[in-house]
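Colleague: predicted model and sequence below, questions to follow.
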Amino acid sequence: MTVLDVREHRLGATLRLAVRPGAPRTRPAGEHGGALKLAVAAPAERGRANAEALRFLAGALDLSAARLELLSGELSRDKVVLCRGARAGELRAAAEALIGRGTARGGRR
């Protein structure tokens, strides 16, 4: 069973990401140390991988991109994203379901 590190925040909930840039396509790639692991089809230069990770996350979780904010990890593969107005339990369930869909198509856990 996957358990992601999703926490309550005064403005919503936070989700940890482990972003791996340079992938053939953007997709969930499992869980790593409590973080949602994302393979991102963008290079790690000039914020491209960050933008692609947030774009994908917004679409996959059916959230407005305006509700997502990178709180930490701008220059790191390990990031924390704020989902404004989200509840931790609902965000965790949605992100864990995303892992199941992504790994069912050939990703690793």
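Modeller: That came through fine.

Colleague: and for G12, the neighbour number?
Modeller: Neighbouring residues of G12 were enumerated by other Cβ atoms under 10 Å; the total is 18. Bear in mind the C-beta positions are built from the backbone N, C-alpha and C, glycine included.

Colleague: what sits against it?
Modeller: Shown here is G12, whose contacts under the criterion Cβ atoms under 8 Å, 6 or more residues apart in numbering are R67, L82, C83, R84, G85, A86, R87.

Colleague: now swap in L98 and tell me
Modeller: Taking Cβ under 8 Å, 6+ apart as the criterion, L98 is in contact with P28, L36, A60, L61.

Colleague: for the second one, give its distance to L54.
Modeller: When Cβ to Cβ, to the nearest Å is the yardstick, L36 and L54 sit 12 Å from each other.

Colleague: list the buried ones in the helix or strand of the chain with the lowest mean pLDDT?
Modeller: Every helix and strand of the chain was ranked by mean pLDDT, DSSP states H and E. The lowest is helix 88-104, at a mean of 85. Along helix 88-104, these residues count as buried under the neighbour rule (16 or more other Cβ atoms under 10 Å): A88, L91, R92, A94, A95, E96, L98, I99, G102, T103.
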